[in-house]
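In: Structure for the following, please:
(one chain, ligands or ions: 1)
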Amino acid sequence: MTAVEPPILLDQLTLSYGPHRVLDALSLAVAAGSITALLGGNGAGKSTTLSVLLGFARGDAGRAAVCGIDPGTDPDGARRRIAYLPENVALYEHLTAVENADYLLALSGQRQPRGAITDALAAAGLQERAWHQRLDGFSKGMRQKVAIAVALLRAVPVLLLDEPTSGLDPRATADFNALVLQVRDRGTAVLMVTHDLLSAADVADRIAFLEAGRVRHEVLAEGPDRFDVRALHARFQAGEAQAAA
Ligand SMILES: Nc1ncnc2c1ncn2[C@@H]1O[C@H](COP(=O)(O)OP(=O)(O)OP(=O)(O)O)[C@@H](O)[C@H]1O
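Out: Numbers count the residues shown, from 1 in each chain. A predicted model of the protein is given here:
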């Protein structure tokens, strides 16, 4: 990786499934210690973008890089640098929260002492009485906390989130967003796919609007071009209406 290359980089990436161009010369960069939210209507290419970064899908043209590694040619190398939270976090129901974290860390070759695991679960806001409970009774918000605790312990440079707050109540959403800010403040580059504009506006440094596989608008949280959530909401709804028409 060159000194200036951001941990998440897509440069003119094009990907088609048969005649259907899903990503169309998509360019997107997420710097270390920053959060970009990726919004867009159904089918805009958001999940495909994450699949490319994870090395599950490969572009036909252009470049993708995770910390300078091409996930198409070295998916394992790219994934070692990524913590990924899918919409429904896959954890082991018959294991406790601590056992899940221990097992997931072992799988990624980054085992940690029990004390570090319980510290991370506490930092993620999981109540102590849940640490040694099996996951079958956990809510989505509690599962997210276990998953983000693992991400905190892995201290990876890239965090990818797919619809992390869908199905969370406002309080759990606020808790989750606070955790994402913690991860960002440790220098991680965060890319968050979401339909939740308000949540995006709460945490993101930048919001990129994807339409037909390309970033059509980008807005920033700071500076003269910083976003105004109400104006953004109106614009987003208009965009959604166009996409649905
Ligand atoms: N494996 C695949 N084979 C063929 N087409 C696919 C495949 N994966 C995705 N697509 C198509 O690519 C387009 C973009 O899909 P993608 O899942 O990236 O959209 P999205 O923005 O995440 O949408 P949503 O908000 O509905 O999750 C869609 O038209 C989808 O049908």
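In: all contacts plus neighbour counts: C-alpha atoms, from now on.
Out: Fine.
In: Next one, pLDDT for A155 please.
Out: Note on A155: pLDDT of 81.
In: For it, which residues are in contact?
Out: T188 (CA atoms under 8 Å, 6 or more residues apart in numbering).
In: so where do the strands sit in the chain?
Out: For the chain, applying DSSP state E gives strands covering 8-17, 20-30, 34-40, 61-66, 82-85, 158-162, 189-193, 206-211, 214-220.
In: Tabulate these (a markdown table), appending mean neighbour count, distance to L179 and mean pLDDT.
Out: Below are these laid out as a markdown table (neighbours: other CA atoms under 10 Å; distance: least, CA to CA, whole Å; pLDDT from 0 to 100):
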| stretch | mean neighbour count | distance to L179 | mean pLDDT |
| --- | --- | --- | --- |
| strand 8-17 | 19 | 20 | 97 |
| strand 20-30 | 19 | 18 | 96 |
| strand 34-40 | 25 | 12 | 95 |
| strand 61-66 | 21 | 22 | 97 |
| strand 82-85 | 22 | 13 | 90 |
| strand 158-162 | 23 | 12 | 94 |
| strand 189-193 | 27 | 12 | 96 |
| strand 206-211 | 22 | 18 | 93 |
| strand 214-220 | 17 | 21 | 89 |
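In: Let's have those in TSV, adding distance to the ligand.
Out: Below are the strands of the chain laid out as TSV (distance: least, CA to the nearest ligand atom, whole Å):
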stretch	distance to the ligand
strand 8-17	5
strand 20-30	5
strand 34-40	6
strand 61-66	16
strand 82-85	14
strand 158-162	9
strand 189-193	8
strand 206-211	8
strand 214-220	11
